[in-house]
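*Asks:* quick one, fold the following:
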Amino acid sequence: MNKYHFGGLLMKNVKPRLRKILKEKNLTQNQLADMTGISQASISRFDKNAQHLDWHLVCIAEALEVAIEELFEIEE
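*Replies:* Numbers count the residues shown, from 1 in each chain. Next comes the predicted model:
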């Protein structure tokens, strides 16, 4: 879980929900990679909250038929 700071103010905690969404849809990272053309390694980095490329978010959300916002859990 990452805490983001901006101008000394604590922002929100943001973490990916990809693992949960894939489980709900009975899909694997490899299957999602085939559906999107994104490497499984890149999907894994997204799931570990290590890297979020804009075009990856769009492709993943479209493939899973969810809004981009649904790919993340946001906590105060």
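*Asks:* model confidence for the spatially closest residue to I21 that is not a sequence neighbour, exactly?
*Replies:* Once flanking residues are discounted, I21 sits nearest to L64: 5.8 Å by CB to CB, 6 or more residues apart in numbering. C-beta here means a position set from N, CA and C on the backbone, and glycine is covered the same way. The model reports L64 with a pLDDT of 98.
*Asks:* these two touch, right, L64 and E24?
*Replies:* No. L64 sits out of contact with E24 when judged by CB atoms under 8 Å, with a separation of 9.4 Å.
*Asks:* how near is the residue nearest to I21 to S44?
*Replies:* Computed as CB to CB, to the nearest Å, the L64 to S44 distance reads 16 Å.
*Asks:* please enumerate the strands of this structure.
*Replies:* 2-6, 9-16, 72-75 (DSSP state E).
*Asks:* let me know how buried A67 is, in neighbour terms.
*Replies:* Neighbour count of A67, defined by other CB atoms under 10 Å: 8.
*Asks:* contacts only, for it.
*Replies:* For A67, the contact set (CB atoms under 8 Å, 6 or more residues apart in numbering) comprises A61.
*Asks:* compare the strands of the chain and say which comes out lowest on pLDDT.
*Replies:* Lowest mean pLDDT of the strands of the chain: strand 2-6, a mean of 52.
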